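Asks: Need a 3D model of the sequence below.
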Amino acid sequence: MKTGILVNGCHLAAYDWRGIAWGHPKRNELGRIPKGVQVALQEKAERLVFGTGASSRTVEEKGVSVTKLEGEFTLDFLKSHLNDLGQFDSF
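Replies: Numbering: from 1, shown residues only. Here you go, the predicted model:
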């Protein structure tokens, strides 16, 4: 059987999005992203999926404005903070 982990999305304009999505390393409070990674590793999941809703954010990539939905923005956030997972005691 194959295993996948779904991390629920969070509106990108939500108050303390970073705290909800990433958490607070100094207090070892995992947000949705690191908790999803942790569970995916524990379960040896083949897929880690970030859910999305209607919110989006426009970002600059290589000098071009790109609009990304929650799931894609969240995945990009994980990619750019992957090395920071070690700030959590759980990792």
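Asks: Can you say which helix or strand has the residue nearest the centre of the chain in it?
Replies: Closest to where the C-alpha atoms of the chain average out (CA atoms, centre = their mean) is Ile33, at 3.5 Å. Assigned by DSSP states H and E, Ile33 falls within helix 32-42.
Asks: Packing partners of that helix?
Replies: The helices and strands touching helix 32-42, judged by 3 or more CB pairs under 8 Å, 6 or more residues apart in numbering; DSSP states H and E, are strand 4-7, helix 17-21, strand 23-24, strand 47-50, helix 70-81. C-beta coordinates here come from the backbone N, C-alpha and C atoms, glycine included.
Asks: hmm, 7 Å instead?
Replies: strand 4-7, helix 17-21, strand 47-50, helix 70-81 (3 or more CB pairs under 7 Å, 6 or more residues apart in numbering; DSSP states H and E).
Asks: possible to save those as JSON lines with mean pLDDT and mean neighbour count?
Replies: Converted to JSON lines, those look like this (pLDDT from 0 to 100; neighbours: other CB atoms under 10 Å):
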{"stretch": "strand 4-7", "mean pLDDT": "96", "mean neighbour count": "16"}
{"stretch": "helix 17-21", "mean pLDDT": "97", "mean neighbour count": "17"}
{"stretch": "strand 47-50", "mean pLDDT": "96", "mean neighbour count": "16"}
{"stretch": "helix 70-81", "mean pLDDT": "96", "mean neighbour count": "17"}
